[in-house]
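1. Starting from these lines, generate the structure:
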Amino acid sequence: MTTLLTENLIAGDVIEVRTINDVMTVLVLLATDDFVILDPCDETTPFVVQREELVGYRKFDEP
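-> Prediction:
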């Protein structure tokens, strides 16, 4: 796992993002130049964030 700041995200990537109080692992459902749809895979509704809001995240790489 590596910490990335400007890596391009694509659908299917698994990333770890920081929330206000915690860290959350999410699946990237869709990524455009401006927005990213993330699914926490915990039976809650996927959510949309602006790409610029993802200042720092950790992307899980395949071995």
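2. From V23, how far off is the residue lying closest to V26 once chain neighbours are set aside?
-> In this structure, V26 finds its nearest non-sequential neighbour in L38, 4.1 Å apart by CB to CB, 6 or more residues apart in numbering. Bear in mind the C-beta positions are built from the backbone N, C-alpha and C, glycine included. L38 is 13 Å from V23, where distance means CB to CB, to the nearest Å.
3. How about the contacts made by the residue nearest the centre of the chain?
-> When CA atoms, centre = their mean is applied to the chain, the residue found nearest the centroid is I15 (4.5 Å). Applying CB atoms under 8 Å, 6 or more residues apart in numbering to I15 gives the contacts 9, 25-26, 28, 38, 57-60.
4. Please name the strands paired to the longest strand along the chain in the sheet, noting orientation.
-> What stands out as the longest strand in the chain, according to DSSP state E, is strand 23-31. Strand 23-31 has its sheet partners listed here by DSSP bridges as strand 14-18 (antiparallel), strand 35-39 (antiparallel).
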